[in-house]
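S.K.: Task: produce atomic coordinates for the following.
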Amino acid sequence: MVVAALGRAAAARLLRAGVAAPGRRRAGGGGVHIAPRYRQVPELTRAQVIRSELLSGLMWFWILWHFWHSSDMVLGHFPYPDASAWTDEELGIPPDDEE
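M.R.: This next block holds a predicted model:
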């Protein structure tokens, strides 16, 4: 049994520490506790909204900055070919007089 494995003194200390005292609730952290709500939008604190706005703004700044200054990473390193200079043969189009 667990009590025999721990020893009576250790088991007594655990029980005295209040493993699950009725009427007493222990929540992790000392901050604001938001109760879970089933199928409802959670209530956000003002600090959470501000942090999320700052983080998303920083993310978009990072993406747009690097797209502007390193657009070759997305668009490619070489200039696009001029499609009007291609011949029908290169494009695989048969000649007009051939049927």
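S.K.: which strands and helices sit next to the longest helix seen in the chain?
M.R.: Longest helix of the chain, by residue count under DSSP state H: helix 46-69. For helix 46-69, not one helix or strand is in contact under the criterion 3 or more CB pairs under 8 Å, 6 or more residues apart in numbering; DSSP states H and E. Every C-beta, even on glycine, is put in place using the N, C-alpha and C of the backbone.
S.K.: right, and the helix or strand after that helix?
M.R.: Later in the chain than helix 46-69, the nearest helix or strand by DSSP states H and E is helix 72-75.
S.K.: What average pLDDT does whatever helix or strand comes next after that following helix get?
M.R.: Later in the chain than helix 72-75, the nearest helix or strand by DSSP H and E is helix 88-91. Averaged over helix 88-91, pLDDT sits at 89.
S.K.: for stretch 50-62, same thing?
M.R.: For stretch 50-62, the mean pLDDT works out to 98.
S.K.: What of stretch 68-85?
M.R.: 86.
S.K.: Phi and psi next, for residue 80.
M.R.: phi -70, psi 140 (degrees, to the nearest 10).
S.K.: Check which residues of the longest helix of the chain are buried.
M.R.: Of the residues in helix 46-69, none count as buried by neighbour count, 16 or more other CB atoms under 10 Å.
S.K.: what does that helix contact?
M.R.: By CB atoms under 8 Å, 6 or more residues apart in numbering, the surrounding residues in contact with helix 46-69 are 73, 74.
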